[in-house]
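Student: Sequence plus predicted model, see below.
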Amino acid sequence: MHFHVLTLFPEMVSQGLSESILGRAAKKGCIELEAVNIRDYTENKHKKVDDYPYGGGAGMLMQAQPVYDACAAVKERIAMRRAEEGTPIPDAADEKGELPRVRVIYVTPQGEVFTQQMAEELAREEDLIFLCGHYEGIDERVLEEVVTDYVSIGDYVLTGGELPAMVMIDAVSRMVPGVLKNEESAETESFQGGLLEYPQYTRPEVWHDRPVPPVLLSGDHSKVEKWRLEQSEERTRQRRPELYEAYSRTDRAVSYLSKDRLSHMDMLEVIRRGQADVIRAEESGVLLHDRPSGAWMLSASDEDMGERLLSEIPREEKELLFLVHQAFLRDSIARRFHRNLVNECIQAVYTRKRPPACAADFMVRPLVPQNVDAVYESYHAVHSRTYLLERIEAGEMFGIDENGRLAAFAGTHAEGSMGMLEVLPDHRRRGMGEALEACLIARQLEKGWVPFCQIFDGNEPSLRLQKKLGLKLASGRLYWIS
């Protein structure tokens, strides 16, 4: 994980992040920090980077040119590093086609509030650029040119963006493999699973007449885990009622969806993988919003509940994507949102603990950005080249080569389902599709996920492949609506 901080005070950042856990992680090579002095890129001989704002007003404003050039220089170094690592990125360029796409985070009180979920999302990036403002801010024109994310750590004003950037880097780094000694600790701390952390105790057993709770001394791990969960729930209920309400919704959602696990594995998995917002959960229906894909996912036991769930979805959004589990929801969406493009699917779920044995023996490799055109030309179920490129850059698409050309590919969609499987005509009936899906299943099992996929109704070859690999087919249908 590579962090790049554009700042007027690079020593403040580098020294602040050089100690303790992050310092050790940097020495081990788990993370890398580059503090870039914006003054080094000014064209002013006095290293001046600010000027008076047009229209008057108090204070000074950081100029566009040094910020833009500093950001461009960092992106050039990122491109060179990736090329040296063997992953050239001519297709991962910005709008001008010159520099790689990298998320540039401007730390500002005007941004989206930073959360643990955002930390987990950012931890999946290879590079992050943080832009730290000072004085009265930065010329709006360069912000519009380079910034991808506006993020705040709270509703208050600081003297500069360095402290917020360091806070975010600390939180993101803890999600990077190898940074923490105990790999489970990042998963059990405050805000993981929607609950605050349970109380902790160490020696002595009695301090100021306060004993350690007896259950922690019992040696019974199941009782300890149960006590810790109860304490986390109670602490969250008392101290953060809004978090507890969200946790309760999740619990209700899982209870409803688990009544038919195969049919609802898509919704259960986006919850379990921590990428879903549970908007509403009742005994007779659930509404989720999957953050990576932007999809609204619904299941309801009756039409009345279905209408109530649909009423929670903001109608002003221009691009709405739905995944629903009942035909009456499909029809209601067509009426309410004027959406008619429907793909009917069958859900298949891999319920075993070990990956399937695959008779075919092919070299499966991760796709790289320059493969996007070959994928886009061959795969017609997804009509967005940008989306395919995003999945490749996320490391979620794989392929098989033959005679120096891409012969087959598959990947994992943003919401977590396996798919995008295509074997080019000249290479079919040789087991390439089976080898690719077996690879995807193995990767998801390694992450502790339940692999699942969704097959267009009538795609008999794909259904036969799922049965061959040991996936179980759900009894009902689901509908993607865009």
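Tutor: Looks like it arrived, so ask away.
Student: where along the stretch 251-400 of the chain do the strands fall?
Tutor: 276-282, 285-290, 295-300, 321-324, 342-349, 364-366, 397-402 (DSSP state E, counting those that start in this stretch).
Student: hmm, who's touching the lengthiest helix in the chain?
Tutor: Using DSSP state H, we find that the single longest helix of the chain is helix 64-84. Helix 64-84 is contacted from outside by 2, 4, 6, 34, 36-43, 49, 88-89, 94, 99-100, 102, 104, 126-127, 129, 131, 138-139, 141-142, 145-146, using C-beta atoms under 8 Å, 6 or more residues apart in numbering. C-beta here means a position set from N, CA and C on the backbone, and glycine is covered the same way.
Student: centroid residue for this structure?
Tutor: residue 121 (3.7 Å; C-alpha atoms, centre = their mean).
Student: what bits of the chain have low per-residue confidence?
Tutor: Within the chain, the ranges that satisfy pLDDT under 70 run 87-98, 182-193, 317-318.
Student: Quick one: distance of the longest helix of the chain to the chain centre.
Tutor: Taking C-alpha atoms, centre = their mean, to the nearest Å, one finds the center of helix 64-84 at 24 Å from the center of the full chain.
Student: C-alpha coordinates for it, PDB please?
Tutor: Only the C-alpha atoms of helix 64-84 are listed here, as PDB (Å, rounded to 0.1, in the frame of the first residue of the first chain):
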ATOM      1  CA  ALA A  64      -3.500  25.900  -8.600                       C
ATOM      2  CA  GLN A  65      -0.200  25.500 -10.500                       C
ATOM      3  CA  PRO A  66       2.100  24.000  -7.800                       C
ATOM      4  CA  VAL A  67      -0.700  21.700  -6.500                       C
ATOM      5  CA  TYR A  68      -1.400  20.400 -10.000                       C
ATOM      6  CA  ASP A  69       2.300  19.900 -10.800                       C
ATOM      7  CA  ALA A  70       3.000  18.100  -7.500                       C
ATOM      8  CA  CYS A  71       0.000  15.800  -8.100                       C
ATOM      9  CA  ALA A  72       1.100  15.100 -11.700                       C
ATOM     10  CA  ALA A  73       4.700  14.300 -10.600                       C
ATOM     11  CA  VAL A  74       3.400  11.800  -8.100                       C
ATOM     12  CA  LYS A  75       1.200  10.100 -10.700                       C
ATOM     13  CA  GLU A  76       4.200   9.900 -13.100                       C
ATOM     14  CA  ARG A  77       6.200   8.100 -10.400                       C
ATOM     15  CA  ILE A  78       3.300   5.800  -9.700                       C
ATOM     16  CA  ALA A  79       3.200   4.900 -13.400                       C
ATOM     17  CA  MET A  80       6.900   4.300 -13.600                       C
ATOM     18  CA  ARG A  81       6.800   2.000 -10.500                       C
ATOM     19  CA  ARG A  82       3.900   0.000 -11.900                       C
ATOM     20  CA  ALA A  83       5.700  -0.400 -15.200                       C
ATOM     21  CA  GLU A  84       8.800  -1.700 -13.400                       C
END
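Student: Let's have the strands of the stretch 251-400 of the chain in CSV, adding distance to residue 70 and mean neighbour count.
Tutor: Listed next are the strands of the stretch 251-400 of the chain as CSV, based on distance: least, C-beta to C-beta, whole Å; neighbours: other C-beta atoms under 10 Å:
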stretch, distance to residue 70, mean neighbour count
strand 276-282, 35, 19
strand 285-290, 35, 25
strand 295-300, 37, 25
strand 321-324, 37, 22
strand 342-349, 45, 20
strand 364-366, 31, 15
strand 397-402, 32, 21
